[in-house]
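> predicted model, plus sequence, below.
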Amino acid sequence: VPCEVQRPGVPHLSGVAGAGPVELEFHDVPSDGDCLFSAIALSAALTDGHPTPSVADLHDRAGELRLAALYLLCPAGSPDPDLILGGLPADLVIDPMPGETGAAYCRRMRHQGQWGSTAEILALTRVL
């Protein structure tokens, strides 16, 4: 269940020049293998000024973000040979299991519960 956790002793960070200190808040997300996508969904909602999403809404949005990232990374079922992320071709950024092909990676990553990697983070910077 996502919930706000206040941590005592958390340092204040300097915000934009002249804006004053920024206080950090910690939020939990479900530990269901979709935590990367849930954390990004939660962060996006809070950044846009929305209240903390319900677990069901967070789960749904995490699934949407997963598919959006994979649509960019693997539009035809395998890593897009023309996609450059972080200065590298997508097939060098993805994180396949040992012996897994790029196409198999794309199939596996479309399923909930598969941990996202740098490739999905970089893809979401283009999607969001």
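Noted; the coordinates are in hand. Residues are numbered from 1 along each chain as shown.
> can you check the pLDDT for the most centrally placed residue in the chain?
For the chain, F37 is the residue whose C-alpha lies nearest the centre (CA atoms, centre = their mean; 3.8 Å). Looking at F37, its pLDDT is 97.
> quick one: it and A68, what's the gap?
Plainly put, F37 is 10 Å away from A68 if you go by CB to CB, to the nearest Å. (Each C-beta comes from the backbone N, C-alpha and C, glycine too.)
> helix, strand, or coil at E120?
helix (DSSP: H, G, I helix; E, B strand; the rest coil).
> now do the strands in this structure.
Counting by DSSP state E, one finds strands in the chain at the ranges 4-5, 13-14, 21-22, 26-27, 84-85, 88-89.
> pick out the shakiest of those strands, pLDDT-wise.
strand 4-5 (a mean of 42).
> could you check how many residues crowd around E64?
13 (other CB atoms under 10 Å).
> could you do L36 as well?
With other CB under 10 Å as criterion, L36 counts 20.
> likewise the one 10 residues further on?
Burial of L46, expressed as a neighbour count using other CB under 10 Å, amounts to 15.
> cool, the one 5 residues further on as well?
The number of residues packed around P51, counting by other CB under 10 Å, is 7.
> likewise for the one 5 residues further on?
One way to gauge burial is a neighbour count; for A56, by other CB under 10 Å, it gives 8.
> show me the contacts for it.
Under the criterion of CB atoms under 8 Å, 6 or more residues apart in numbering, A56 has no neighbours.
> circling back to that earlier point, thought the residue nearest to the centre of the chain was touching L70?
No. Applying CB atoms under 8 Å as the test, F37 and L70 come out as separate, 10.6 Å apart.
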